[in-house]
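Chemist: one predicted model, sequence on top.
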Amino acid sequence: MPQHLAIIMDGNGRWAQSRGLSRKDGHKRGAEVLRTITQYCAQNVCTQFLTLYAFSTENWNRPTIEITFLMHLLEDYLESETQTYLQNNIRFQTIGDLSKFSQRLNDKIAQLKRVSENGTRLTQILALNYGSRDEIVRAANKLACAQIPVTQDSLNNALDTAQFPNVDMLIRTGGEQRLSNFLLWQSHYAELFFSDTLWPDFTTYELQQLLKSFEQRTRRFGGL
Ligand code: FPP
């Protein structure tokens with residue numbers, strides 16, 4: 001089993017449009033699938049760390065109406081899902097630069113981190129206003145300010161993911177085959193899986209199948 005599974009949840013908009021629904025409906029359904037997959041990972045011990053790309057540094061380029069909706073959806077999700085985290089023994093964490101978010105959203109994020117801090121079955125990490133290039137630049141600046149020489153270890157320890165292991169398995173749904181600025185440093189030897197399924201249609205069954213094919217991959221990390 002992967003110790004760290006990362007998922008790019010792509011395809012909410014297309015899922016909604018293909019049903020004559022608004023993109024908002026796609027994101028709402030996407031949030032439900034996010035809950036289902038997180039719960040499944042906790043209950044079946046699929047992985048110890050689950051990182052999900054919820055909002056990228058590039059997503060600010062979307063229309064304001066969609067950004068505002070996603071912010072509200074996130075606020076509602078953090079509040080309404082608190083019991084899911086506690087009942088399933090899940091610890092909530094984030095990566096990304098939270099300083100661009102409202103105080104209200106920051107308070108809700110901090111609150112859920114606080115109440116779930118003793119969760120031991122799974123650490124769920126939401127990537128919020130996250131982009132690898134932004135993360136690496138912030139990390140390099142931290143080192144420069146502290147006059148710490150740049151090494152692989154010092155840079156790794158200055159990243160948002162300092163407390164988490166490298167990514168073992170990365171899944172992208174929605175049919176595109178790219179990393180979109182997600183965990184570029186941490187995925188240096190991740191096994192990549194691309195699914196044509198749009199995120200709102202992604203199921204625990206498909207995750208199970210992908211985990212089975214992960215088990216069959218031979219990982220050599222550059223060795224023989
Ligand atoms: C990509 O689909 C998805 C996003 C940019 C946001 C991901 C958000 C969710 C899964 C739901 C909300 C999450 C939380 C935590 C409340 P897209 O809009 O790029 O889809 P498209 O490529 O079909 O347009």
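Modeler: Yep, that arrived.

Chemist: helix/strand/coil for the residue in the chain that the ligand sits nearest to?
Modeler: The nearest approach of the chain to the ligand comes at Gly13, 2.6 Å away (Cβ to the nearest ligand atom). Every C-beta, even on glycine, is put in place using the N, C-alpha and C of the backbone. Here Gly13 is recorded as helix under DSSP: H, G, I helix; E, B strand; the rest coil.

Chemist: what's the closest non-adjacent residue to it?
Modeler: In space, and not counting its chain neighbours, Gly13 is closest to Arg23: 4.6 Å by Cβ to Cβ, 6 or more residues apart in numbering.

Chemist: for Pro63, see how far away that neighbour is.
Modeler: Per Cβ to Cβ, to the nearest Å, Arg23 is found 9 Å from Pro63.

Chemist: looking at the two, which is more packed in?
Modeler: A count of neighbours by other Cβ atoms under 10 Å puts Arg23 above the other of Arg23 and Pro63, at 19 against 9.

Chemist: who touches the more buried one in this structure?
Modeler: Asn12, Gly13, Ala16, Gln17, Glu66 (Cβ atoms under 8 Å, 6 or more residues apart in numbering).

Chemist: burial of the first one, as a residue count?
Modeler: By the criterion of other Cβ under 10 Å, Asn12 has 24 neighbours.

Chemist: pretty sure it contacts Asp201?
Modeler: No. Between Asn12 and Asp201 there is no contact under Cβ atoms under 8 Å: 10.3 Å.

Chemist: spatially central residue in the chain, please.
Modeler: Leu52 (1.6 Å; Cα atoms, centre = their mean).

Chemist: the closest residue to that residue other than its chain neighbours in helix, strand or coil?
Modeler: What sits nearest to Leu52 in space, not counting adjacent residues and going by Cβ to Cβ, 6+ apart, is Ile7, at 5.2 Å. Per three-state DSSP, the local secondary structure of Ile7 is strand.

Chemist: for Arg178, same thing?
Modeler: Arg178 - assigned by three-state DSSP - is coil.

Chemist: so in this structure, which helix runs the longest?
Modeler: The longest helix of the chain (DSSP state H) is helix 23-43.

Chemist: that one vs the ligand: in contact?
Modeler: Yes. Applying Cβ under 6 Å from any ligand atom, one finds helix 23-43 touching the ligand at His27, Gly30, Ala31, Leu34.

Chemist: and after that helix, which helix or strand comes next?
Modeler: strand 49-56 (DSSP states H and E).

Chemist: in that following strand, what counts as buried?
Modeler: Going by neighbour count (16 or more other Cβ atoms under 10 Å), the buried part of strand 49-56 is Phe49, Leu50, Thr51, Leu52, Tyr53, Ala54, Phe55, Ser56.
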